[in-house]
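sequence and computational prediction follow.
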Amino acid sequence: DGGITQSPKYLFRKEGQNVTLSCEQNLNHDAMYWYRQDPGQGLRLIYYSQIVNDFQKGDIAEGYSVSREKKESFPLTVTSAQKNPTAFYLCASKGLGYNEQFFGPGTRLTVL
Amino acid sequence: AQSVTQLDSHVSVSEGTPVLLRCNYSSSYSPSLFWYVQHPNKGLQLLLKYTSAATLVKGINGFEAEFKKSETSFHLTKPSAHMSDAAEYFCVVSSDSGYSTLTFGKGTMLLVSP
């Protein structure tokens, strides 16, 4: 089955630690996206990538970093510089010529 | 710049009654518009999309939406609510069909009572 997978589903982190969230897709999509979701806020764009080895900051990139070494993978690192990292993180992808994005199941990050 | 306003943060209906979730948008371009649904602790699923073809768009699970350019609205409707429709719904705008980003509304929580 084609789709997007995110792991882990739940993640706990101590303050001051970096943590990496995984996102993999087998849809052969060129573009991939990371969003943060907080209650009552909708989704806010963190980073996106249109092609391998290229990515752009979204609206709330501070305290986050990404890489795009393979078309299928777009990991997100939440660094210790992110002041309030507890949130639900969603990864999405989009194929060329399509408008809609397809979403993964999400990772819930909690900072203890 | 584009923006989306979902006019209700919560909507409560009884099972079997009609559903109306309201959305207004603002866009400098001819927009593409979407409705996504999210069940608790899940990803988002596409319900339907408008991409400048028919103004009345039919989606999955009996939902439909009408694009009204003069009112800059894209309201989501369903004739008869089911308990399984209880979820959060997001109205979304995209400006073109390239690699553009999406702008999300803040969401409307639909509550369905028996």
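The structure has been received and is ready for your questions.

and chain B, is stretch A:37-57 touching that?
Yes. Using Cβ under 8 Å from any Cβ of the partner chain, stretch A:37-57 reaches chain B at A:40, A:41, A:42, A:43, A:44, A:45, A:48, A:50. All C-beta spots, glycine's among them, are computed from the backbone N, C-alpha and C.

now do the contacts for the residue nearest to the spatial centre of chain B.
The centroid of chain B falls nearest to residue B:35 when counting by Cα atoms, centre = their mean (3.3 Å). Contacts of residue B:35 were listed using Cβ atoms under 8 Å, 6 or more residues apart in numbering or on different chains, and they are B:21, B:23, B:46-49, B:59, B:63, B:65, B:74, B:76, B:89-92.

partners of it in the sheet?
residue B:48, residue B:91 (DSSP bridges).

so which bits of chain A are right by chain B?
For chain A, the contact set with chain B under Cβ under 8 Å from any Cβ comprises A:4, A:6, A:30-31, A:33, A:40-45, A:48, A:50, A:58, A:88, A:90, A:92, A:94, A:96-106, A:108.

quick one, which of those residues are buried?
Buried members of the residues of chain A next to chain B, scored by 16 or more other Cβ atoms under 10 Å in any protein chain shown, are A:4, A:6, A:31, A:33, A:42-45, A:48, A:58, A:88, A:90, A:92, A:94, A:99-106.

what's the burial count for the nearest residue to residue B:2 once chain neighbours are set aside?
Distance criterion Cβ to Cβ, 6 or more residues apart in numbering or on different chains; nearest residue to residue B:2, sequence neighbours excluded, is residue B:27 at 4.3 Å. By other Cβ atoms under 10 Å in any protein chain shown, the residues close to residue B:27 number 17.

thought residue B:93 was touching residue B:27, still the case?
Yes. With contact defined as Cβ atoms under 8 Å, residue B:27 and residue B:93 form a contacting pair (5.7 Å).

between these two, which contacts overlap?
Common neighbours of residue B:27 and residue B:93 (Cβ under 8 Å, 6+ apart) are residue B:2.

if residue 65 is in a bridge, with which residues?
If you meant another chain, say so; for now it's chain A. Bridge pairing for residue A:65 - DSSP bridges - gives residue A:77.

my bad, the chain I had in mind was chain B
In this entry, residue B:65 is beta-bridged to residue B:57, residue B:76, by DSSP bridges.
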